[in-house]
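S.K.: how would this look folded up:
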Amino acid sequence: MLCVNPRHLFLGSVLDNNRDMAAKDRVQHGSHHWKAKLTEELVGSVMVRISSGEKQIHIARSLGVSSATISMIKHGHIWQRALRGEV
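M.R.: Take a look at the predicted model:
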């Protein structure tokens with residue numbers, strides 16, 4: 001059941017709410033995110049495949065994601081926690 005205790009609520013903007021959510025680590029990360037198409041293991045294999053010289057477009061097609069997704073993984077813009085082994 002969801003908590004509806006008024007003492008647990010406070011007024012704030014969307015930005016305030018997002019900051020509070022992040023501070024309390026209530027953000028869904030990695031494969032637990034509802035829109036995730038990859039797993040932490042697959043992200044690790046992406047980095048191995050990139051390191052071995054495989055083209056990003058081939059990796060993307062084999063995983064059913066865009067080449068932009070592979071590029072963002074490569075440059076650390078997404079999946080940082082998985083790459084650090086935190087998820």
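
S.K.: burial of residue 16, as a residue count?
M.R.: 11 (other Cβ atoms under 10 Å). (Glycine included, C-beta is placed from N, CA and C.)

S.K.: check which helix or strand covers it.
M.R.: According to DSSP states H and E, residue 16 maps onto helix 14-23.

S.K.: tell me where the chain has helices.
M.R.: With helices called from DSSP state H, the chain shows them at 14-23, 40-51, 56-63, 67-74, 80-84.

S.K.: name the stretch among those that sits most buried.
M.R.: Ranked by mean neighbour count, these are led by helix 67-74 with a mean of 18 (mean count of other Cβ atoms under 10 Å).

S.K.: what average pLDDT does that helix get?
M.R.: Averaged across helix 67-74, pLDDT comes to 96.

S.K.: what's it in contact with?
M.R.: Here helix 67-74 makes contact (Cβ atoms under 8 Å, 6 or more residues apart in numbering) with 38, 43, 46-47, 50, 56-57, 59-60, 63, 78-79, 83.

S.K.: repeat that with 10 Å
M.R.: Helix 67-74 is contacted by residues 37-38, 42-44, 46-47, 49-51, 54-61, 63, 65-66, 77-80, 82-83 when judged by Cβ atoms under 10 Å, 6 or more residues apart in numbering.

S.K.: could you check the angle helix 56-63 makes with that helix?
M.R.: 100 degrees (axes from the mean of the first three to the mean of the last three Cα atoms, to 10 degrees).

S.K.: so how far is the helix holding residue 16 from its chain's centroid?
M.R.: 17 Å (Cα atoms, centre = their mean, to the nearest Å).

S.K.: tell me which residues are up against it.
M.R.: For helix 14-23, contacts defined as Cβ under 10 Å, 6+ apart pick out 10, 12-13, 26-27.

S.K.: great, nothing more from me.
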